Each structure stands twice: as structure tokens, then as C-alpha cells.
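K.L.:
Build me a model:
(chains A and B)
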Amino acid sequence: MLPDYYEFYNPVKIVSGHKALENLPYELDQLGAKRPIIVTDKGVSGAGLVDIVKNAFADSDMIIGAIFDNTPPDSSIDTVNELVKVYRSNDCDSIVAVGGGSVIDTAKGLNIVITEDADDLAKFMGAEMLKKPMKPLIVIPTTSGTGSEVTLAAVINNPEKKMKMPFTSYHLLPKVAILDTRMTLTMPPKITAATGMDALTHAVEAFICDQKNPVSDAHAMVAISMIRDNLVKAVKDRKDKKARLAMSNASCLAGAAFSNSMVGIVHALGHATGGVCHVPHGVAMSIFLPFGLEYNIDASREYISELLFPLGGAEIYAATPKDKRAEKSIELIRNLQKELHSLSGLPMTLKEAGVEKSQLEEIAKTAINDGSLIYNPLDVNVDEALAVLKKAYE
Amino acid sequence: MDSYQPVMPGSKRFKKMVVRTVLFVLGRAMQSASKYDVEIKRELAVLPDNLRIQMQILPSGPCMTVVTQNGKLKYLGQKPMEADMIVIYKNLESAFMLFTAQKGIAKSYAEHRLSLRGDLSYAMVFTRCIIIIQGYLFPKIINNRIMKRVPAMSLKKHFIRLWLYSFGISTGL
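P.N.:
I've put the predicted structure just below:
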């Protein structure tokens, strides 16, 4: 169904393949960059992945201005401010982010400050507030989940004001995303499973929520098919390069989908659960996805039914009666959850994830103020959010 | 040689006038209803005091500002002023569609007709307040078309609606 009006924008050049990273100096040169800062975290550098990036610069005329690996698990304004000093004092002219969502968001935050020459990042908080083209940013994801390499959003924590600052702007989109098999080979099974379910949630919510459009739908459908065929393989055998590359691509496609059609109740509940109880994002997405679909089933039955095709394949889709396809889609997602749980210990309930029952009300009150909810097919109030949380509890 | 003269932009006076009128009605209705409506009071309770919220239409206005005071909203008028949170309509046509109930606010967000400066969580609170006010201002037949869920109208709410239309909007009381 064609919406009355939509916008889709994704100018990110995607470079995908085994040893794709070797193109990094070329891509930087194309952007007029000579002295990038590498932004990463201790986990990535400890796994030896930054060495792969450094080796890609061999025989080039580029100098790595600095390697900053102090990014915490939750991107914060203090880290961004520290990074700005390193960037400026080392005369860097571009940014290479190597890591997961937090690293990429931190790199985007850095880009906002240096481009706008800002002293207060909060001035740019909101949607479409950034006006200037940014410094070249190249992203090399090391997880297959967030899709942040192709999204227009960044969320930076402000611990002093106890708030998360969201920024969305087309200017935040990186210039290039490099998907290299080698960068996700070291991901342990549980993180592979969690980030894979994050990618699946992005694609599913992008397909059923209010801002959906034909272009994001196409991205979402392919992403879901790739996750169906490769997530379990990648969890079972971390060295399966084809599965790893497929999952990186699925995550990227899902990211492009949701960046242009947003998400809904699953993300609202997931963000709130992460904020209140520090449950990792991918774990929360995995837990809430089937419940979010059940909540929306009356408003989005047609779209959830269509999802059976990429989720189950052509034969299952054809064999399932039309009026049962939506329920079958949710059943397949639950089956996937169970399989990932048995393979990797990925939690299936909030209780398993360490959430206390007494925290559910706070999560519900936080969730209804999440911007994602405006795009959910159905309205959600505190009582309704709490009801979903209770179902997901145990 | 042909000469090429610059073309000055025109103005959509009628639509601007309609939007100004609706902004006035909306602002005054928010001020009045925030004194009596329990749901609006509950929503505003989470917002800080003296928070200026503005609705601004690009490229050149109009705009409307309200401020939170003691758990209620006060209409500050349509003069341009600094604000802590600004809901920006990208063009007059988008604002006209929303304010003449051709589209709801959720649909407007979904169609990228709005951008936002400020805290997104405050914007969600303000959006819910606008929906409650629209519930008062528009009849059910229109609200059914533009809202995901039409606010339930209790007997008290019917009295508030009557008050808004008779005195609330004109006086702000």
C-alpha cells in the first residue's frame, strides 16, 4: 500500500565483503581525508580488530591521527567532550568508528560538536536540528545488530542531567559503511543472538509501523530473509564467514529500513527497560518482539501476515491459511527465540534478564514518553504498556 | 540580451489567517483546559515549571507559545520568542492540514511534516495534551478519522467542552 506521503533517504555507500576493510584508505581519500581519528572501545581493541583496521593503512600516505578506545558501553556526553579534545589536538580531519552502537553514536556525537563548533550538545537535541554537512565519517560495525552505520540517529547520555539526548538528522548519516567479515568473527554466541534479534526487530517494526514506505519495506523483507537463513548458523559456528557477512548485511538493511520508517512499541519498551534496568538492547528486543506484535495484531494483521513470507519461506507462507498467517509469523519468531535460548542462553523473559517485578511500573511510565510510540500502529498508555510488560515478565 | 528578473515569493494569506486563528484557539483552549482536565494535569505534572513550548510554522510563521506554570499551561501569544522546546511545521500546508483536521498529529509525524528542537520525551507529553484538546475541539466523527484512539468523553468532559466553547477559549479562564 502506497502511503499518501513518505520520505526515504540513505546516501551511505555500503562496501561489503571479505577484506572490504582494505578499501578504507581509498574511501577516505575519496572524501578528501588524510588524518582520521579511530573511535572504538576496549573490547574491540582487545579482540585485535583495531589492528586489522591499522593494517589496512599499510603503504598509504595517510596517518591515523589518534586511536581513542575509551568509549563506554553507553555513549555519554563526557566521552564526547574528551574525544573532541583528542580530535582537535591531533589535527584530525575525519572519523572512523570501529565498534557497535555505542561507539558509532559517540562518533556521531563527536561529529556534531566539531562541525557545529558547539559548547553545548543539548542545543542540537531533537529532530532535524543540524544544518551543516558534517566531517567525513566512516563506520566499520563489529556487531550485526544496531544498523547504526546507516541510521540518522544518535543517542548520547547526559549523566549530569540524568537524561538521554536523542539527535536525528540526515547529516548524521555516515559517508561509508564497511561490512568486513573479519570484524564480526569474534562475536560470542550470546551477543550474536542478541544483536541478530535486534536486527530482526528493526526490520519487523519498520515493516508494520506507521511510517512504512515501499523502499523501507523492500529493505526490511530482504533483511528478514537473511536473518532467517543465517542467524542460527552464525550463533552455532562463529567462524562461518558467509553467515557472518549475511548477518552484517541483514543488520545494515534493517538499519536502513527503520531509519526511514521508524519503530514502535517494542523499541519503546526496550529503551525503557534498558534505561531503568540496564538490560542490553538486543536482549530486550528479543524478549519484547513477539509481545509487541501481539499487541499490534489487530491494527497490523495484514502486514504481520506478509512477514510470514520472509520469516518462514515460500512453502510455509503458501501452506498457511491467510487468516492464520499473522499468528504463524509470531509463532516462528517465538521458535527462533527458543532455539537461540538453547544455543546461547539468550533470555526469553524479563525475569531471566534480571528485571525485578517492582520495576515494571517505572518501565511502563518511561516507555510511554519514548518517541518511537508515535509511530506505533496503536496507541499505548501506561496500563497497556504495563500489561505487555507483565506478559513478558515470566 | 534578455534580462532575468528575480521572482519574489508570494504569500498564502488565507491559509495563514486560518492557521493563526486555530493557533489562538489551541493556545487558549490549552490554558483553560489545563485547569480542569485531570488527564492534562497528570501529563503536565512530569514537565518542569517554566518550560516554554512553541509551535512554529516555517518559513515565516505564525507561531504560538505556551509555558508550564504550576502544573498548568499559560498561553503566551503569537509573538516570536525563545522557547525550550519547539515543534516545527516544515511548511504552511502541513500546518493547515493538521489544524483543519485533515491529518492527525501522529500522521503528521509519520509523514515527516514536523521536526522538533528539544527533549523528545517532553514532546510526547505535549503531543498527548494536544490530542486531548483536539478531542474537545473537534466532533467525534472527525476525531475518529484523524486519531488512533479518540479520548473518552465523560460527563465532566462534556461540561469542560461547553466551558471551552463558551468562555474558555475567548477568555482563557
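K.L.:
Apart from its neighbours in sequence, what residue is nearest the one residue sitting closest to the centre of chain A?
P.N.:
Central residue of chain A (C-alpha atoms, centre = their mean): A:Thr146, 1.7 Å from the mean position. Closest residue in space to A:Thr146, ignoring its immediate chain neighbours: A:Gly101 at 3.6 Å, by C-beta to C-beta, 6 or more residues apart in numbering or on different chains. Backbone N, C-alpha and C define where each C-beta goes, glycine included.
K.L.:
Doesn't the residue nearest to the centre of chain A lie inside a helix?
P.N.:
No - secondary structure of A:Thr146 (DSSP: H, G, I helix; E, B strand; the rest coil): coil, not part of a helix.
K.L.:
average pLDDT for the biggest helix by length in chain A?
P.N.:
Longest helix in chain A by number of residues (criterion: DSSP state H): helix A:281-306. Helix A:281-306 shows a mean pLDDT of 97.
K.L.:
Show me what that helix packs onto, helices and strands only.
P.N.:
With contacts taken as 3 or more C-beta pairs under 8 Å, 6 or more residues apart in numbering or on different chains; DSSP states H and E, helix A:281-306 sits against helix A:189-208, helix A:265-277, helix A:325-344, helix A:382-393.
K.L.:
most tightly surrounded among those helices?
P.N.:
Among the helices and strands packed on helix A:281-306, helix A:189-208 has the highest mean neighbour count (mean count of other C-beta atoms under 10 Å in any protein chain shown), at a mean of 28.
K.L.:
For it, output the C-alpha coordinates as PDB.
P.N.:
What follows is helix A:189-208, C-alpha atoms only, in PDB (Å, rounded to 0.1, in the frame of the first residue of the first chain):
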ATOM      1  CA  PRO A 189      27.200 -16.700  20.500                       C
ATOM      2  CA  LYS A 190      25.000 -14.800  23.000                       C
ATOM      3  CA  ILE A 191      25.900 -11.400  21.600                       C
ATOM      4  CA  THR A 192      25.500 -12.800  18.100                       C
ATOM      5  CA  ALA A 193      22.000 -13.900  19.000                       C
ATOM      6  CA  ALA A 194      21.100 -10.700  20.800                       C
ATOM      7  CA  THR A 195      22.300  -8.400  18.100                       C
ATOM      8  CA  GLY A 196      20.700 -10.600  15.500                       C
ATOM      9  CA  MET A 197      17.300 -10.300  17.200                       C
ATOM     10  CA  ASP A 198      17.900  -6.500  17.400                       C
ATOM     11  CA  ALA A 199      18.300  -6.500  13.600                       C
ATOM     12  CA  LEU A 200      15.100  -8.700  13.200                       C
ATOM     13  CA  THR A 201      13.200  -6.300  15.400                       C
ATOM     14  CA  HIS A 202      14.300  -3.300  13.400                       C
ATOM     15  CA  ALA A 203      13.100  -4.900  10.200                       C
ATOM     16  CA  VAL A 204       9.800  -6.200  11.600                       C
ATOM     17  CA  GLU A 205       8.900  -2.900  13.200                       C
ATOM     18  CA  ALA A 206       9.900  -0.900  10.100                       C
ATOM     19  CA  PHE A 207       7.600  -3.100   8.100                       C
ATOM     20  CA  ILE A 208       4.500  -2.700  10.300                       C
END
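K.L.:
And it, how far out from the chain middle?
P.N.:
Put simply, helix A:189-208 sits 8 Å off its chain's centre (C-alpha atoms, centre = their mean, to the nearest Å).
K.L.:
just how off-centre is the helix or strand harbouring B:Arg28 within its chain?
P.N.:
Following DSSP states H and E, one finds B:Arg28 within helix B:13-36. Computed by C-alpha atoms, centre = their mean, the separation of helix B:13-36 from the middle of its chain amounts to 7 Å.
K.L.:
Buried residues of that helix, list them for me.
P.N.:
Buried residues in helix B:13-36, counted by 16 or more other C-beta atoms under 10 Å in any protein chain shown: B:15-16, B:18-20, B:22-36.
K.L.:
before we move on, what about stretch A:272-291?
P.N.:
Result for stretch A:272-291 [16+ other C-beta under 10 Å]: buried residues A:272-277, A:279-291.
K.L.:
From start to finish, how long is that stretch in a straight line?
P.N.:
Using C-alpha to C-alpha, to the nearest Å, the end-to-end distance of stretch A:272-291 comes to 15 Å.
K.L.:
give the contact list for A:Val215.
P.N.:
Neighbouring residues of A:Val215 by C-beta atoms under 8 Å, 6 or more residues apart in numbering or on different chains: A:6, A:8, A:260.
K.L.:
Spell out the secondary structure type for the nearest residue to B:Leu51 once chain neighbours are set aside.
P.N.:
Among residues not flanking B:Leu51 along the chain, B:Thr68 sits closest, at 4.6 Å (C-beta to C-beta, 6+ apart). Three-state assignment for B:Thr68 (three-state DSSP): strand.
K.L.:
do you know how far B:Thr68 is from chain A?
P.N.:
The spacing between B:Thr68 and chain A, counted by C-beta to the nearest C-beta, to the nearest Å, is 15 Å.
K.L.:
can you confirm B:Met55 is in a helix?
P.N.:
No - looking at B:Met55 with three-state DSSP, it is strand, so not inside a helix.
K.L.:
Name the residues linked to it by a beta bridge.
P.N.:
B:Met64, B:Val87 (DSSP bridges).
K.L.:
Double-check the residue nearest to A:Thr146 against A:Thr142; I have them as touching.
P.N.:
No - assessed by C-beta atoms under 8 Å, A:Gly101 is found out of contact with A:Thr142, at 10.3 Å.
K.L.:
which secondary structure element contains residue 73?
P.N.:
If you meant another chain, say so; for now it's chain A. According to DSSP H and E, A:Pro73 maps onto no helix or strand at all.
K.L.:
Chain B, not that one
P.N.:
strand B:72-77.
K.L.:
Now that strand: buried residues?
P.N.:
For strand B:72-77, the neighbour count (16+ other C-beta under 10 Å) marks B:72-76 as buried.
K.L.:
Now do the helix holding B:Arg28: which elements does it pack against?
P.N.:
Helix B:13-36 packs on helix B:38-44, strand B:52-57, strand B:63-69, strand B:72-77, helix B:92-99, helix B:120-137, helix B:155-163, helix B:169-171, going by 3+ C-beta pairs under 8 Å, 6+ apart.
K.L.:
mean pLDDT for these: which is lowest?
P.N.:
Taking the mean pLDDT of those, helix B:169-171 comes last: a mean of 89.
K.L.:
For it, buried residues please.
P.N.:
Neighbour-count burial for helix B:169-171 [16+ other C-beta under 10 Å]: B:Ile169.
K.L.:
just checking, what packs against that helix?
P.N.:
Using 3+ C-beta pairs under 8 Å, 6+ apart, helix B:169-171 sits against helix B:13-36.
K.L.:
check contacts around the most centrally placed residue in chain B.
P.N.:
With distances taken as C-alpha atoms, centre = their mean, B:Leu26 lies nearest the centre of chain B, 5.4 Å away. Neighbouring residues of B:Leu26 by C-beta under 8 Å, 6+ apart: B:55, B:64, B:99, B:130, B:133, B:137.
K.L.:
sorry, back to before: which member of the buried residues of strand B:72-77 is positioned nearest B:Arg149?
P.N.:
Set against B:Arg149, the nearest of the buried residues of strand B:72-77 by C-beta to C-beta is B:Leu73 (22.0 Å).
K.L.:
Show me the beta-bridge partners of that closest one.
P.N.:
Beta-bridge partners for B:Leu73, by DSSP bridges, are B:Thr68.
K.L.:
check contacts around it.
P.N.:
B:30-31, B:34, B:40, B:44, B:66-67, B:129 are the contacts of B:Leu73 under C-beta under 8 Å, 6+ apart.
K.L.:
repeat that for 7 Å
P.N.:
B:30-31, B:34, B:44, B:66 (C-beta atoms under 7 Å, 6 or more residues apart in numbering or on different chains).
K.L.:
And it, how close does it get to chain A?
P.N.:
18 Å.
K.L.:
If we go by neighbour counts, what in stretch A:8-23 is buried?
P.N.:
Buried positions in stretch A:8-23, judged by neighbour count with 16+ other C-beta under 10 Å: A:8, A:10, A:12, A:14-15, A:20-23.
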